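> sequence-free structure coming up:
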């Protein structure tokens, strides 16, 4: 077996037409597609049926799963391979909500494993752009009983129970499994989550999907997993010190840092037994690894394999989300 060529890998985005999607992924990020309402760009995915394909360097044309089978330790790190086998544990997306997404909830690992043979879905959002007065829905306003919740659903008054947050670029949230939530119209986010495509829709605004039919709701599954207790503050406060690695979100599934750089940064990765993913949320940079240069502009994503011990980020101005598995 040949050695893994060491460089920062980029992947073809997997674009999703959504009834709530818009055009910003095309106009802001230059995503090429004929889809009319692009809601999601899956930047790096190991979800079955949606496997990312490399689009740069010596490994161009190779899909993520084939690389994980051939180079599991080099890409994932030995620890992650021992935990999960050759399975990529995270999913990275950019999302453009022109309209409100469905009000929804995700299961935790135990429920998802039992009912779907899947990881659960913990996720975080980084707000890349928000129109004036744009909202997110995160959690209930206060502790609520199942009976009160079900009555509000029946009365089409669920919105009265929900916690709406006004948002701006740079705001971040961690969405725990069991948290009722929705991205509302006018918001673009970078989303980092466990590798899972399990969503239980609670309410979909009484609108049809892209096929003209009403989308399926999952109210019983939602009841099984919803957290009705007093809400947690899932807003993430973090520093934004320039030319520093600022911790944004530390969870059991991913460690996300914010890197605002205006000069070259030599980055030691020798103590990281994990792949490292960079989502460019502003500006542009070049990642040098083993003499290979990978350009990264706003709205693009790159993965540095776990075998890398050092990279150099060259830039005059960039903001990156740096993600690894702790």
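Perfect, thanks for sending it. On a predicted model such as this, the values are computed, not experimentally measured, just so you know.
> can you pull out the helices in the stretch 1-150 of the chain?
For the stretch 1-150 of the chain, the helices defined by DSSP state H, counting those that start in this stretch cover 24-27, 64-70, 72-76, 78-84, 109-116, 146-154.
> most packed of those helices?
By mean neighbour count, with neighbours taken as mean count of other C-beta atoms under 10 Å, helix 72-76 ranks first of the helices of the stretch 1-150 of the chain at a mean of 21. Every C-beta, even on glycine, is put in place using the N, C-alpha and C of the backbone.
> other SSEs contacting the strand or helix carrying residue 174?
Assessed by DSSP states H and E, residue 174 sits inside strand 172-175. When contacts are defined as 3 or more C-beta pairs under 8 Å, 6 or more residues apart in numbering; DSSP states H and E, strand 172-175 packs onto strand 123-130, strand 135-140, strand 246-250.
> which parts of that strand are buried?
172, 173, 174, 175 (16 or more other C-beta atoms under 10 Å).
> what's the distance between the nearest residue to the last one once chain neighbours are set aside and residue 219?
Excluding the flanking residues, the one nearest residue 175 by C-beta to C-beta, 6 or more residues apart in numbering is residue 123, at 4.9 Å. Residue 123 sits 21 Å away from residue 219, taking C-beta to C-beta, to the nearest Å as the criterion.
> for the two, indicate the residue with more neighbours.
residue 123 (25 against 14; other C-beta atoms under 10 Å).
> who's in contact with stretch 82-89?
44-46, 64-65, 68-69, 72, 76, 80, 119, 194-195, 253, 325 (C-beta atoms under 8 Å, 6 or more residues apart in numbering).
> how about a cut-off of 7 Å?
For stretch 82-89, contacts defined as C-beta atoms under 7 Å, 6 or more residues apart in numbering pick out 46, 64, 68, 69, 72, 80, 119, 194, 195, 325.
> which stretches of the protein have low pLDDT?
By pLDDT under 70, the low-scoring segments of the chain are 1.
> list the buried residues of stretch 187-207.
Of all the residues in stretch 187-207, those buried under the rule 16+ other C-beta under 10 Å are 187-204.
> ok, stretch 208-224 next?
Using 16+ other C-beta under 10 Å as the burial criterion, the residues of stretch 208-224 that qualify are 217, 218, 221, 222, 223.
> who touches it?
Counting by C-beta under 7 Å, 6+ apart, 17, 19, 105, 111, 146, 200, 201, 202, 204 sit against stretch 208-224.
> how far is it from where the chain is centred?
The chain centroid and the centroid of stretch 208-224 are separated by 22 Å under C-alpha atoms, centre = their mean, to the nearest Å.
> then stretch 40-51?
Counting by C-alpha atoms, centre = their mean, stretch 40-51 comes out at 11 Å from the chain centroid.
> adding distance to residue 167, write the helices and strands packed on strand 172-175 out as CSV.
CSV is the format used below for those (distance: least, C-beta to C-beta, whole Å):
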stretch, distance to residue 167
strand 123-130, 5
strand 135-140, 5
strand 246-250, 15
